[in-house]
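Engineer: test case, fold it:
(2 chains)
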There are 2 protein chains.
Amino acid sequence: MSTPVALVGIGKIAEDQHLPAIASSDDWHLAATVSRSGSVPDVEGFTGIEEMLATRPDIPVISLCLPPAPRFAYAQAALEAGRHVMLEKPPGATLAEVHTLAAMARERGLTLFASWHSRAACGVAPAREWLADKRITRVHIDWQEDVREWHPGQDWVFEPGGMGVFDPGINALSILTEILPHPVHLTAATLDFPANRATPIAANLRFTGNTTAHFNWLQEGPPTWDIDVETSEGTLHLGKGGSTLSIGGADHPLPRNTEYAGLYARMAECIALGISDVDLAPMVHVADAFTLGQRVEAAEFSF
Amino acid sequence: MSTPVALVGIGKIAEDQHLPAIASSDDWHLAATVSRSGSVPDVEGFTGIEEMLATRPDIPVISLCLPPAPRFAYAQAALEAGRHVMLEKPPGATLAEVHTLAAMARERGLTLFASWHSRAACGVAPAREWLADKRITRVHIDWQEDVREWHPGQDWVFEPGGMGVFDPGINALSILTEILPHPVHLTAATLDFPANRATPIAANLRFTGNTTAHFNWLQEGPPTWDIDVETSEGTLHLGKGGSTLSIGGADHPLPRNTEYAGLYARMAECIALGISDVDLAPMVHVADAFTLGQRVEAAEFSF
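Structural biologist: Alright, predicted model coming up:
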């Protein structure tokens, strides 16, 4: 029997990823939505979470894919109502609020899952396995895309808490922190802020372990979502956001890429095991970049 | 018998606080210093930590009070050499590096103590105790001092990783996170960056729980280091950085204020118990402020 789930925030990421993943899973069925403007045909829709929680005590799991800034209040309400919660990335606008949610879930014996969809890309687990015993000499992340294509008109990404280019960049950092056998930390960064915006549109990061990252949100055409890891036994290349893998120039066979299906399977597993899964390492690197980074003023940006 | 300790970074905070605290303690004696330029009469002085660690295997504890940016490399070297480590606040330039140090200490069975001297102020423990069962309606932090007096000519505080006005402000946040019975998180912030500097010279923070903070580094004359906590049973006031306490307008009797003596006593206790003490909550709030904060440009600053 499948578990009812309520989806909160019916926008682009819900339409593109969450709805198909839920529809294709035997573990789950969509029982309600909460959204100010969006809805799903033949599914009960609410505009406020409190009303949904009060009306539908039969729904034990709430999946939140609205923007990070308002997410805490929804997650808090769901946990207070005794529901398990799954969070889109990044899990919040601040680290402290996610620590608070994790403590709430722990106290109540509920599952909190801070998901990182790029970690579920099909090349990530094999990359992690191959790197586990290698001597790594250099790592470079090249993460460039067109914000106008991936966040069309979504001004919130440039508002405080929206994280700017770290919204895609945190995907790369979620892979980095998953595949490296040793932790790294930031030592220097430059962040390019458009003169009329509160978050960066590009960033260059330098970490320990000879690790660097270049994030750029102004690339036109196809995105570049590449990670190269040089080792004493050849270079590992993760391409297309972790969905392709080559080692020493040879393609590595991979299963089909099903990121969000993997996340919903992991949520079902966490609930069955009675555990939470909250790894804030990718978000810590972003916060460190904002703390340590040197600001550079860039040209004004409009959608 | 007292334990030998090596002090790394012989600058203002070492002279003002660490040396007197070590000298007045029966637990400790100063066995060596590491500093590029400073030294202590009649104590063996080194300019590099590697040489000190190699030459003095008899010193089991290293106390680091150099600026946060270079601190990681020293702490890593000390832990790798099997020494216990005590860190001045803030414990590093990034959160990730402190997580790495904590993992290193754990793996090696060593003590890492991320100290917060303001938490050892004499009014803090009684404030925490009194607030434990109160209904808190409002909290305000007012933390203002003259950077020219407290960091004379120390340009590093305005360099990336130096944290700017959060260097004193984190003292207030270390008290806040110690005395409140429930966690709070940042919801909005403005940070005033001098046009010629990389870190803020003033900040206004808004947290959940009707909690606000004002940090200013341009106050001339005596510093203001106040925290007011309004409750349904009257207002608690911590003054002078936690060293005075009044409740409902009545002064609360306190023991003598001996912050750094308390830190060194805690370090001795942690080593005896075989534990570490690393609470990053104050630094998480600072990282959140840099991530979420709206930047405001302020007048140029020079010492």
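Engineer: so which bits of chain A are right by chain B?
Structural biologist: Counting by Cβ under 8 Å from any Cβ of the partner chain, the residues of chain A close to chain B are A:72, A:93-97, A:99-100, A:103, A:160-161, A:163, A:183-186, A:188-189, A:193, A:198, A:281, A:284-288, A:290-295. All C-beta atoms are positioned from the backbone trio N, CA, C, and that covers glycine.
Engineer: just the buried ones from the residues you listed?
Structural biologist: The neighbour count (16 or more other Cβ atoms under 10 Å in any protein chain shown) marks A:72, A:93-97, A:99-100, A:160-161, A:163, A:183-186, A:188-189, A:193, A:198, A:281, A:284-288, A:290-293, A:295 as buried among the residues of chain A next to chain B.
Engineer: among the residues of chain A next to chain B, which are located in strands?
Structural biologist: The strands, defined by DSSP state E, take in A:186, A:188-189, A:193, A:294-295 from the residues of chain A next to chain B.
Engineer: do you know how far the spatially closest residue to A:Ala198 that is not a sequence neighbour is from A:Gly221?
Structural biologist: Once flanking residues are discounted, A:Ala198 sits nearest to A:Pro160: 4.9 Å by Cβ to Cβ, 6 or more residues apart in numbering or on different chains. According to Cβ to Cβ, to the nearest Å, A:Pro160 and A:Gly221 sit 30 Å apart.
Engineer: ok, now A:Lys12?
Structural biologist: 20 Å.
Engineer: for the residue of the stretch 101-250 of chain A found nearest chain B, which non-adjacent residue is spatially closest?
Structural biologist: As assessed by Cβ to the nearest Cβ, chain B sits closest to A:His185 within the stretch 101-250 of chain A, at 3.7 Å. What sits nearest to A:His185 in space, not counting adjacent residues and going by Cβ to Cβ, 6+ apart, is B:Ala96, at 3.7 Å.
Engineer: now A:Arg128
Structural biologist: Sequence neighbours aside, A:Ile179 is the residue nearest to A:Arg128 in space, at 4.4 Å (criterion: Cβ to Cβ, 6+ apart).
Engineer: the one you found: neighbour count?
Structural biologist: By other Cβ atoms under 10 Å in any protein chain shown, the residues close to A:Ile179 number 25.
Engineer: helices of the stretch 51-200 of chain A, start to end?
Structural biologist: Using DSSP state H, counting those that start in this stretch, the helices assigned to the stretch 51-200 of chain A run over residues A:68-80, A:95-108, A:124-131, A:147-150, A:166-179.
Engineer: so who does the residue minimising distance to the centre of chain A touch?
Structural biologist: In chain A, the residue lying closest to the centroid (Cα atoms, centre = their mean) is A:Lys89, at 3.0 Å. By Cβ atoms under 8 Å, 6 or more residues apart in numbering or on different chains, the contact set of A:Lys89 is A:114-117, A:170-171, A:174, A:282.
Engineer: in these, which residue is surrounded by the most others?
Structural biologist: A:Trp116 (28 neighbours).
Engineer: for A:Glu80, which non-adjacent residue is closest in space?
Structural biologist: Per Cβ to Cβ, 6+ apart, closest to A:Glu80 is A:Met104, 7.6 Å.
Engineer: so that neighbour sits against A:Gln76, correct?
Structural biologist: Yes - counting by Cβ atoms under 8 Å, A:Met104 touches A:Gln76, with 7.0 Å between them.
Engineer: what about the closest residue to A:Ala114 other than its chain neighbours, how many neighbours?
Structural biologist: Using Cβ to Cβ, 6+ apart and skipping residues adjacent in sequence, the residue nearest A:Ala114 is A:Pro91, 3.8 Å away. Residues near A:Pro91, counting by other Cβ under 10 Å, number 29.
Engineer: do the same with A:Glu15
Structural biologist: 13.
Engineer: so who does the residue nearest to it when sequence neighbours are not counted touch?
Structural biologist: Nearest in space to A:Glu15, with sequence neighbours left out and distances taken as Cβ to Cβ, 6+ apart, is A:Gly38 at 7.9 Å. By Cβ under 8 Å, 6+ apart, A:Gly38 lies in contact with A:9-11, A:14-15.
Engineer: farthest-separated two in these?
Structural biologist: A:Gly9 and A:Glu15 (10.5 Å; Cβ to Cβ).
Engineer: now A:Leu263. Its backbone dihedrals?
Structural biologist: phi -70, psi -40 (degrees, to the nearest 10).
Engineer: ok, now which ones touch it?
Structural biologist: Listed by Cβ under 8 Å, 6+ apart, the contact partners of A:Leu263 are A:21, A:86, A:113, A:115, A:117, A:120.
Engineer: including pLDDT, could those go into TSV?
Structural biologist: Formatted as TSV, the contacts of A:Leu263 follow (pLDDT from 0 to 100):
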residue	pLDDT
A:Ala21	97
A:Met86	98
A:Phe113	98
A:Ser115	98
A:His117	98
A:Ala120	97
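Engineer: farthest-separated two in these?
Structural biologist: A:Ala21 and A:Phe113 (13.6 Å).
Engineer: so between the two, which is more surrounded?
Structural biologist: A:Phe113 (25 against 20).
Engineer: wait, a helix at A:Tyr264?
Structural biologist: Yes - A:Tyr264: assigned to a helix according to DSSP: H, G, I helix; E, B strand; the rest coil.
Engineer: what about it, how many neighbours?
Structural biologist: A:Tyr264, neighbours per other Cβ under 10 Å, totals 25.
Engineer: swap in the one 10 residues further on?
Structural biologist: Counted with other Cβ under 10 Å, the burial measure for A:Gly274 works out to 9 neighbours.
Engineer: spit out the contact partners of it.
Structural biologist: A:109, A:111.
Engineer: quick one, what contacts A:Asp228?
Structural biologist: A:Asp228 touches A:138-140, A:142, A:235-238, counting by Cβ under 8 Å, 6+ apart.
Engineer: can you report how many residues lie near A:Ile49?
Structural biologist: Neighbour number of A:Ile49 under other Cβ under 10 Å is 22.
Engineer: what sits against it?
Structural biologist: Contacts of A:Ile49 (Cβ under 8 Å, 6+ apart): A:8, A:34, A:62, A:74, A:77-78.
Engineer: would you turn those residues into a markdown table with neighbour count?
Structural biologist: Converted to a markdown table, those look like this (neighbours: other Cβ atoms under 10 Å in any protein chain shown):
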| residue | neighbour count |
| --- | --- |
| A:Val8 | 27 |
| A:Val34 | 26 |
| A:Ile62 | 25 |
| A:Tyr74 | 21 |
| A:Ala77 | 18 |
| A:Ala78 | 29 |
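Engineer: got JSON lines for those, with pLDDT too?
Structural biologist: Output for the contacts of A:Ile49, formatted as JSON lines (pLDDT from 0 to 100):
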{"residue": "A:Val8", "pLDDT": "98"}
{"residue": "A:Val34", "pLDDT": "98"}
{"residue": "A:Ile62", "pLDDT": "98"}
{"residue": "A:Tyr74", "pLDDT": "98"}
{"residue": "A:Ala77", "pLDDT": "98"}
{"residue": "A:Ala78", "pLDDT": "98"}
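Engineer: three-state assignment of A:Thr235?
Structural biologist: A:Thr235 ends up strand, using three-state DSSP.
Engineer: next, give phi and psi for the nearest residue to it once chain neighbours are set aside.
Structural biologist: What sits nearest to A:Thr235 in space, not counting adjacent residues and going by Cβ to Cβ, 6+ apart, is A:Asp228, at 5.9 Å. Phi and psi for A:Asp228, reported as degrees, to the nearest 10, are phi -110, psi 130.
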